[in-house]
Every structure is written in structure tokens, then in C-alpha cells.
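1. only geometry, no sequence info:
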DNA sequence: TTTATAACAGACCGCCCGGTTTGTTTGCAA
DNA sequence: TTGCAAACAAACCGGGCGGTCTGTTATAAA
């Protein structure tokens, strides 16, 4: 595939993402996409077999970028300090900055869109979304396990419970953010999570310790 | 309106609710609804001006029932004990039982559906959903304020922050519940919230105190 | 320069969508 | 029993939908 073709294909996916996050998948027609991309049916069906393939590639590309971003946040936090608690706090701060600084006019989570419109997609795509959520969760599980291992929690909790809770708080924050049109909601939720972690694990140990 | 007419109208709304929660609003056609209701276009448009009015009435009816249920849970908790912390725990337990015992094959929150498909609805409906979320939140605000007033929190938090967090946890739990097909997820999230509240406010005071 | 193919344009198709219209049946009050 | 509105049935309509088909232009290797 040529460079130009690859660029067009990517542009279609970009516009699709924007429209789907704004109007939903069923609410976004191929013509809508092509109108914004200033292309025609010929171009679209040259690059994609149909709307189903577009949906699949869209969420796959997003999952790749999204998970990579979270891994990058984790990596940056790990580079900054060896302390698991400081790492987690740093990670959450990075996330909070990211989520509240996005000037996205229609915020939200693509996995949530795919989940609530699940019948629009092939079972394999539904499975992929669930798997991606699991992968996202397992990033947290790893970090929370390290945290639990070096900071005995005040209450018995598993890393998986905390990871699932973190995903919930993000997803719930994004829904309210979208409903209220207030980009600060999710950040506030993340702050409450940090409160919980503080109560669970206490202050970060001093470097001397 | 006759009794029979009112029954049909209600049946249309029931079926619509089930289909919308399963396939989304844009993904649910009037014909889909009528097929399941064993009715025809004539019946539908006799009862509703169009799909927009159906959407409005559906979410309004749901909001009424839903808020009433939460108020009922609160009332039952208040009837059981005077202690705000015990009330909150009781309330969450009632909610956990409700959310994990529903044999709904396509679980989720209708407000989330409306929020992620917001462009499908008139601005007034979008506003109504946001208002309903605010009303839902304010039920929690009231109870959390009472809680804060009699149990000094270990960390300074506002009732509004806790209320928003509670909504987030529920919404996020429902998304994962739907994505994974596991009805126990939201209950687990609620348990984590109770952990947080326990760390924040401590054990309930003894009755003697 | 030729030539194969990728990268499109745009007309076209059948289906299903929300909505309309016309007609029929039912229930109930006078 | 009649009259009349409510409660439907069902055919119909225009438009938009996903998708196809044919043709044209750009690109890059031989």
C-alpha cells in the first residue's frame, strides 16, 4: 500500500473516531464520514470491506494507542521513582492531566461506546473490547500488586479489586463528564481514588527508609 | 384514555426499554418494537407522535421509577437505624443486592445509553438526563452530609465529592458488568466504596454511644 | 514510455427507516 | 340501538442507509 493510500485510510479512521465519539456508531453513517473526509464511496470501499471492518480497525487501533499511552505513563512513573506508592500517585497525576486537558468536545471512552452499542458489532469485536478492558485492568493489577507487596494495606484488598475499581472510577467519571459537559469531573474522581489509596497505604515512605 | 390504551402504551415503553438497553437507541427501530409488541404502525403513532417522543417518555418514566427506588432504599435504611453510617452501609447493601440479582440479560444504565448517544435526542432530553443524574447525585449528597456531620472524616472530603464518586463507581461497574457479562462486577465495586467509607469514617458508633 | 495497479470518483441499487394516510374494529356512553 | 371517539390494522411514501459497479486518474516499477 502506498504512502498516500495509508494516509487516506488513517484520515478516514481519525474522522470516524471523532464522529463515533460524538454521535455513536449506529448514529454515524459512512456518508457522514465521507462528507467530512471529502471522499466518495469509491475511496471508502477501496480501503475497507464495509462498516464492520471499519468498526473493527477503529477499536483495534484505538486500543493499541490507548494501552501504549497507559504503559508510557507507567514507564515514566517507574523512571521517576522506585517507590510503588509514589509511582501510583505519579501515574494518576499524569492521567488526571491528560483527561482534563483534552479539548475533546465529546469526551468519553470508546470501549464504553462499543459496550453500550455492542449489538452493532460482530462477536469477535465484542470479545476484543472485553479483552482490551482486561488488558487495561491488568496494567493496574501489576502496579497495585507491587504496591500491596511493599505497603501492607489497612484493609485486606486484592490488586484486582483495586484495578477494577480504578477502571470503574474512570469510566464513571467520563460518563458524568460527558453528561454535564464538564471536563473536570474525571479528574475529581481520580483525586478521590488517591484519597482511598492514601487511607489504605498511608504516606509514601521517605527515601531514606 | 382507556385502560386498554394505557396498557398498550405501557407495553410499548416496556419493550422499548428492553430493546434500547440491548441494542442502543439508534440501533432500535420502531418496527423492531412493533414486531415484539405484535402491533402495527397505526397503533404506535396513535400513542406517540414519533420516535423522539418515545425517547423522551421512556427516559422520563425510567427516571421517575429509578429515583423512587433509590429514595425507597434510603427510606428503608433510615427506618432501620438513626445512625448515618449504618444507614449508608444499609443503603449500599440494598443497592448491591438489587444490582446483582437482576437477571437482566443486557445490564447497564439508561442514562449512560442516552449520554453516549446524546446526539440522537433533543437538547431538552439531554438536559433532562443531566438533571436526573444531578438529582440522583443529590440523594447521595444529603446522606453523605449527614454522615460527615456526625462522623468526622479522616481526610477532608465534601459530601458532593463522595456522591459523585458513588455515581462513578456504579456507572463504571455497570459498563464492566456489561462488557464482561458478569453480573457481580458492580457489587464488587460497591464493596470497595464501603471500604473507602470505612477508612474515612471508621466503625459505626455503638448504639449505647 | 509503457503498463500494471493502487487510489480514487460517482452513478446506481435494494432495503429499511421514520412517518403518513386511509380504513377498520372496538368499547362505551347516551 | 345508535353514535362516536379511541384503538388499532395495513398499505404506502420519500429519504437515507450500506453496499456495488463501472470508469477515471495518479503512481511507481520495468
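-> Cool, got the structure. Keep in mind it's a predicted model, so treat the numbers as computed, not measured. Residues are numbered from 1 along each chain as shown, chains lettered A, B, ... in the order given.
2. how many residues are close by residue A:142?
-> Other residues near residue A:142 come to 13 when the count uses other CB atoms under 10 Å in any protein chain shown. No exception for glycine: its C-beta is placed from N, CA and C like everyone else's.
3. and residue A:100, how far from DNA strand D?
-> Using CB to the nearest atom of the strand, to the nearest Å, we find residue A:100 at a distance of 33 Å from DNA strand D.
4. wait, what's in contact with the spatially most central residue of chain A?
-> Centroid-nearest residue in chain A: residue A:66, 5.3 Å away (criterion: CA atoms, centre = their mean). By CB atoms under 8 Å, 6 or more residues apart in numbering or on different chains, the contact list for residue A:66 reads A:110, A:132, A:136.
5. ok, the one helix or strand it maps to near DNA strand D or not?
-> Using DSSP states H and E, residue A:66 sits within helix A:51-80. Yes - applying CB under 7 Å from any atom of the strand, one finds helix A:51-80 in contact with DNA strand D at A:51, A:52.
6. can you list the buried residues in that helix?
-> A:51, A:54-59, A:62-63, A:66, A:70, A:73-74, A:77 (16 or more other CB atoms under 10 Å in any protein chain shown).
7. turn these into a markdown table, including pLDDT.
-> Listed next are those as a markdown table, based on pLDDT from 0 to 100:
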| residue | pLDDT |
| --- | --- |
| A:51 | 98 |
| A:54 | 98 |
| A:55 | 98 |
| A:56 | 98 |
| A:57 | 98 |
| A:58 | 98 |
| A:59 | 98 |
| A:62 | 98 |
| A:63 | 98 |
| A:66 | 97 |
| A:70 | 98 |
| A:73 | 98 |
| A:74 | 98 |
| A:77 | 98 |
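8. reformat those as CSV; add distance to residue A:119.
-> What follows is the buried residues of helix A:51-80, written out as CSV (distance: CB to CB, whole Å):
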residue, distance to residue A:119
A:51, 14
A:54, 17
A:55, 12
A:56, 15
A:57, 19
A:58, 17
A:59, 15
A:62, 20
A:63, 20
A:66, 23
A:70, 28
A:73, 33
A:74, 34
A:77, 38
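9. which pair in those spans the largest distance?
-> The two members of these with the most space between them (CB to CB) are A:51 and A:77, at 38.8 Å.
10. in chain A, where is pLDDT below threshold?
-> Within chain A, the segments meeting pLDDT under 70 span A:1, A:207-209.
11. got the residues of it near DNA strand C?
-> A:1-2, A:4-9, A:38-43, A:45-47.
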